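Peer 1: Provided below are the primary sequence and the corresponding predicted coordinates.
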Amino acid sequence: QQPVQSPQAVILREGEDAVINCSSSKALYSVHWYRQKHGEAPVFLMILLKGGEQKGHDKISASFNEKKQQSSLYLTASQLSYSGTYFCGTEISSPGAAGNKLTFGGGTRVLVKP
Amino acid sequence: NAGVTQTPKFQVLKTGQSMTLQCAQDMNHNSMYWYRQDPGMGLRLIYYSASEGTTDKGEVPNGYNVSRLNKREFSLRLESAAPSQTSVYFCASTRDYPYEQYFGPGTRLTVT
């Protein structure tokens, strides 16, 4: 089942902060975050694993609440380059299971204005 | 190191025509994936391959077939294209859990 992202869209001024949320109805083993610019492919930002380990972008942070099956992506001191659509991808299969399938949310459009 | 490459970049088909989308990666990744992305929507998994010689269905496999030709290449075939298959198709690959997925540039397909 597809994870639910909120908000659907957000407009920021440079330097402002924003939080993007991703919620699942199923127990998660990992949450991935990707950013996609218009007309381009998604680009990896962050992985959060059950148990607290994180891998990813130095300037973007995220959290993973395993009990609530929720993840949040924090855009701090936003820059113009942060504009794009952010997708979370959730993994519900057992760690290391064949395929490492992700189910992606519908996306959050972020526009950062000067 | 080209990463994930896809051909063609654009394609227009008529209803009922067939075609194969090609994907290759040069990162020695085990797992490969095919997604479709409709306008303003998220990515939906069509098929995936956990390793050379294996393929499995994703969320939206109807109307598609795949072949994992070798470790590098994973192709997606539309046997009889329909307007509902108009979309952008992305191929992706990854090493093993818990690593990120690398996406190709996409194929923009229009079926008239």
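Peer 2: Alright, I've got the coordinates. Residues are numbered from 1 along each chain as shown, chains lettered A, B, ... in the order given.
Peer 1: Neighbours of residue B:112, how many?
Peer 2: Using other C-beta atoms under 10 Å in any protein chain shown, the number of residues around residue B:112 comes to 10. Bear in mind the C-beta positions are built from the backbone N, C-alpha and C, glycine included.
Peer 1: these two touch, right, it and residue B:14?
Peer 2: Yes - shown here, residue B:112 and residue B:14 form a contact pair, counting by C-beta atoms under 8 Å, at 5.8 Å.
Peer 1: For the most centrally placed residue in chain A, list each beta-bridge partner.
Peer 2: What sits nearest the mean C-alpha location of chain A, by C-alpha atoms, centre = their mean, is residue A:33, with 3.3 Å. When assigned by DSSP bridges, residue A:33 has beta-bridge partners residue A:46, residue A:88.
Peer 1: which residues touch it?
Peer 2: Contacts of residue A:33 were listed using C-beta atoms under 8 Å, 6 or more residues apart in numbering or on different chains, and they are A:22, A:44-48, A:56, A:60, A:62, A:71, A:73, A:86-89.
Peer 1: go on, residue A:13?
Peer 2: With contacts defined as C-beta under 8 Å, 6+ apart, the neighbours of residue A:13 are A:78, A:112-114.
Peer 1: Now the phi/psi pair for it, please.
Peer 2: Backbone torsions for residue A:13, taken as degrees, to the nearest 10, come to phi -90, psi 150.
Peer 1: Show me what it is bridged to.
Peer 2: So, taking DSSP bridges as the rule, residue A:13 has residue A:113 as bridge partners.
Peer 1: got it, and the one 10 residues further on?
Peer 2: As for beta bridges, residue A:23 partners with residue A:4, residue A:70 under DSSP bridges.
Peer 1: Can you give me the pLDDT of it?
Peer 2: The score at residue A:23 is 96. That number is its pLDDT.
Peer 1: That one: neighbour count?
Peer 2: Residues within reach of residue A:23, counting by other C-beta under 10 Å, total 18.
Peer 1: cool, and residue A:91?
Peer 2: For residue A:91, using other C-beta under 10 Å, the count is 23.
Peer 1: need the contact list for it.
Peer 2: With contacts taken as C-beta under 8 Å, 6+ apart, residue A:91 has the following neighbours: A:28-32, A:100-103.
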